[in-house]
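>>> One predicted model, sequence on top.
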Amino acid sequence: MWLPKDERELLALYFRKIGKPNESETLKDNDDMKALGWKESKSNSEYDKQYINRVWNADDILKKRGFLGVLTHDLSEKTLSLTIQGYDLGRQYNSRWIKTGLWFAEYKHHWIWLIVSFLGGIIGALLVNWLSR
């Protein structure tokens, strides 16, 4: 199943942190924000709010899709559990092979055209070389 990047990253993180389906776990640190690319800063609270909102929105969507069971948000901690479907999907997103496939799927049109143009250049050069003899 294809999920947006924020949801994929959080599901993989929750799989690593919780490790079992239908088991509640309380997460206290900012690992969820770090998984989305957050860098710790002391002065930029608007930047922090943006990442907090991204995490909360992704968590709410994951809960609506049935991947998260218990979900309570607080500013410093949250309690959540993975459903069986969320556990399976988190395990897949945690795998390096699956991540590589998802990365390719995200940029497939770019890479397909890059490969086609490269092969076209080789064939064109060979054709010009053959015709110029």
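Perfect, I can see it now. Numbers count the residues shown, from 1 in each chain.
>>> what's the burial count for His110?
Residues lying near His110 (other CB atoms under 10 Å) number 10. Just so you know, the C-beta spots here come from the backbone N, C-alpha and C atoms, and that holds for glycine as well.
>>> For stretch 67-79, which residues meet the burial criterion?
Buried residues in stretch 67-79, defined by neighbour count with 16 or more other CB atoms under 10 Å: Phe67, Leu68, Gly69, Lys78.
>>> can you list contacts of that stretch?
11, 14, 22, 24-28, 32, 56, 59-60, 62-63, 80-83, 85-86, 89-90 (CB atoms under 8 Å, 6 or more residues apart in numbering).
>>> Quick one: end-to-end distance for it.
14 Å (CA to CA, to the nearest Å).
>>> now stretch 77-95
Terminal residues of stretch 77-95 are spaced 26 Å apart (CA to CA).
>>> longest helix of this structure?
Of all the elements of type helix in the chain, the one with the most residues (DSSP state H) is helix 108-131.
>>> Which parts of the protein are helices?
Per DSSP H, the chain has helices spanning 5-18, 31-35, 45-64, 84-94, 96-106, 108-131. These are given in chain order.
>>> hey, least reliable of these by pLDDT?
Within those, the least confident segment by mean pLDDT turns out to be helix 96-106, at a mean of 66.
>>> mind checking how far the residue of the chain most remote from its centre is from Ala125?
Ranked by distance from the centre of the chain (CA atoms, centre = their mean), the top residue is Arg133, with 53.0 Å. Using CB to CB, to the nearest Å, Arg133 is found at 13 Å from Ala125.
>>> now swap in Asp74 and tell me
Applying CB to CB to Asp74 and Ala125 gives a distance of 63 Å.
>>> again, but for Asp32
Relative to Ala125, Asp32 is positioned 50 Å away (criterion: CB to CB).
>>> Compare those two (neighbour count), which wins?
Between Asp32 and Ala125, Asp32 has the larger neighbour count (other CB under 10 Å), namely 24 against 10.
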